[in-house]
Structure formats: C-alpha cells, structure tokens
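**Q** build me a model:
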Amino acid sequence: MSLGEPSEGTGPSTSSGRRRWRPILNAAGTYIWIEIDFSILYPDKVNRFKDYWKLFMKNLIELKQEEIQSEENKRNLFMSLCSLDTEDQKISMELTLLINIVPPKGQVSKTGKFSTQECLVGIMIILENPGDINATIQRQIEKGVRWKINVQPYIILLGT
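**A** Model prediction:
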C-alpha cells in the first residue's frame, strides 16, 4: 500500500494512519516521496499548477495594471508581492492579489456575491495528509451537487 493509496471499507481512520506515519512524514526529504507517490496516483495532475501559474499571473497583472495602480489596497498587495523573496511567499501573495482583482462570482442565494474573504478561504484547502486528497475532492463535488452549482477552481495545499 502506498502512502497516498485510497483504502476501501472500514479500515483504520485517517488520524490513526497519520499517527502511524508521523515519524516518516516528519523526516527530512519525505516530501520527495510524497511527490513521487502523487505523480503515480495522479499522473495527469502533476505540476499543472506550477507549469502555468507564473505565466498566468504575469498576464493577469499586465491586463489589470491600471486597476492595480488606481486602487490603494491592490497597489499595496502588488508592492508587497514585489518585495517577497521565496516562491512560496509569492504564490500565497499572488493568490491574495488574484482574489482582489478578479471579482467574486455571484452565488445561488439572494444574498448576492461571495465576499473577498470567502473567496480567499474557498480557493485554498489545506490538508495535513496526502491520503485525504481524494475525500476532499469528493466533498467539493458533493457540495457543488447539493448547492446545484459548478465546483469552482480550488488549490489543495499539503502542509500545516
């Protein structure tokens, strides 16, 4: 059984598996094995985010440059983005900027549109265990069906 292989039936819980795997997951370099396992389980999903993200953000910022410069909140986010050093920091700030320059889509209720904060919470899903990916995807699909809406794009982040 691979680390991320989904199990069927009434096997051990996710938390018991996480406790059992914790020493291994906390070891240096474990993320490499998780990435290998993920690439085997989801070969068509590997690096799609990384491959296109920089080009997407570059084009979006160019397209929305006038709007970014004319609104203080967006200008401050952009300036913060320019001052960051690591790719991880930049991606997080780019997501925040994205939510602020692309208007939230209307929702099915009479209350109107999602707020920017609701979009920030909804676009990033943080998981501690790679074994939870399938269940999380399924929950998102079920929620869309229940609310009779399309599942909006989201990003699953692995970590704490």
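**Q** what about the protein, any weak spots by pLDDT?
**A** 1-12, 14, 18, 24-31, 46-47, 103-121, 160 (pLDDT under 70).
**Q** now do the same contact list for residue 102.
**A** residue 60 (CB atoms under 8 Å, 6 or more residues apart in numbering). C-beta coordinates here come from the backbone N, C-alpha and C atoms, glycine included.
**Q** any idea how far residue 54 is from it?
**A** Distance, residue 102 to residue 54, by CB to CB, to the nearest Å: 17 Å.
**Q** what of residue 22?
**A** 34 Å.
**Q** and if you look at residue 68?
**A** Distance from residue 68 to residue 54, by CB to CB: 17 Å.
**Q** more crowded one of those two?
**A** residue 68 (22 against 13; other CB atoms under 10 Å).
**Q** that one: which element?
**A** helix 65-70 (DSSP states H and E).
**Q** now swap in residue 32 and tell me
**A** Using DSSP H and E, residue 32 maps to helix 30-41.
**Q** in that helix, what counts as buried?
**A** 33, 34, 37, 38, 41 (16 or more other CB atoms under 10 Å).
**Q** would you agree residue 140 is in contact with residue 156?
**A** No. Residue 140 is beyond contact range of residue 156, at 9.4 Å (criterion: CB atoms under 8 Å).
**Q** name the residues contacting each of the two.
**A** residue 125.
**Q** re the thing from before, what's the next secondary structure element after the helix holding residue 32?
**A** Using DSSP H and E, the helix or strand that follows helix 30-41 in sequence is helix 48-63.
**Q** can I get the CA coordinates of that following helix in CSV?
**A** What follows is helix 48-63, C-alpha atoms only, in CSV (Å, rounded to 0.1, in the frame of the first residue of the first chain):
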residue,chain,number,x,y,z
ARG,A,48,0.0,21.7,-13.8
PHE,A,49,-0.2,24.4,-11.2
LYS,A,50,3.5,25.1,-11.3
ASP,A,51,3.7,25.0,-15.1
TYR,A,52,1.2,27.7,-15.8
TRP,A,53,1.0,29.8,-12.7
LYS,A,54,3.8,32.3,-13.4
LEU,A,55,2.6,33.0,-17.0
PHE,A,56,-1.0,33.3,-15.8
MET,A,57,-0.1,35.8,-13.1
LYS,A,58,2.2,37.8,-15.3
ASN,A,59,-0.5,38.2,-18.0
LEU,A,60,-3.2,39.0,-15.4
ILE,A,61,-1.1,41.7,-13.7
GLU,A,62,-0.3,43.2,-17.1
LEU,A,63,-4.0,43.2,-18.1
